[in-house]
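[1] Sequence first, predicted coordinates after that:
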Amino acid sequence: MSDQVERVDLLVFEIGPLRYAADAAQVLRVDTRAQDAVTLEALGPLKRTHRALVVGVDGVERQLAVDAVLGIQPVAVERLRRFPRMARAGQETLGVWLDGDAPVVLIDLEKAVRPFV
């Protein structure tokens with residue numbers, strides 16, 4: 001029996017004063033924000049808006065505008081909690097990562113930008 005803890009790499013970013021995280025495997029790269037970058041108003045108002053996460057959906061690249069990219073954090077899967085379907089703010093919100101005592105909302109980036117492809 002293995003004592004290894006299953007981990008996932010989360011890319012942590014800010015929109016306004018809030019921290020969010022997404023599976024780093026969904027991010028093709030971090031780039032300078034383009035004029036047509038997707039903004040998700042439901043996640044809060046942007047402040048600086050000069051950065052963007054580039055996500056590929058069905059062979060098309062789209063940018064999601066963010067205020068800051070804080071880095072990649074390897075997280076034990078046991079620290080992740082899914083929202084029940086009826087409690088989700090939208091299809092893009094999956095659950096939370098418990099970063100100590102602070103919950104960080106997990107975002108499915110592909111679902112978030114798919115309506116804009």
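    Alright, I've got the coordinates.

[2] On the three-state scheme, residue 112 is what?
    Three-state call for residue 112 (DSSP: H, G, I helix; E, B strand; the rest coil): helix.

[3] Sheet partners, orientation included, of the helix or strand residue 72 falls within?
    Secondary structure here is read from DSSP states H and E; on that basis residue 72 sits in strand 68-76. Sheet pairing here is set by DSSP bridges, and for strand 68-76 it gives strand 7-15 (antiparallel).

[4] Where do the helices of the chain begin and end?
    Remark: helices of the chain, listed N- to C-terminal, are 109-113; assignment by DSSP state H.

[5] can you give me the strands in it?
    Here the chain has its strands, by DSSP state E, at 7-15, 18-23, 27-32, 51-57, 60-66, 68-76, 80-82, 93-99, 102-107.

[6] Could you tell me the angle between the strand holding residue 72 and strand 51-57?
    60 degrees (axes from the mean of the first three to the mean of the last three CA atoms, to 10 degrees).

[7] what about residue 57, neighbour count?
    Residue neighbour count, defined by other CB atoms under 10 Å, stands at 17 for residue 57. Any C-beta I mention is one placed from the backbone N, CA and C, and that applies to glycine too.

[8] So what sits opposite it in the bridge?
    With DSSP bridges as the criterion, the beta-bridge partners of residue 57 are residue 60.

[9] what's the answer for residue 72, then?
    residue 11.

[10] what about it, neighbour count?
    For residue 72, the tally of surrounding residues (other CB under 10 Å) stands at 13.

[11] I figured it hits residue 9, correct?
    Yes: under the criterion of CB atoms under 8 Å, residue 72 lies in contact with residue 9, with a separation of 5.2 Å.
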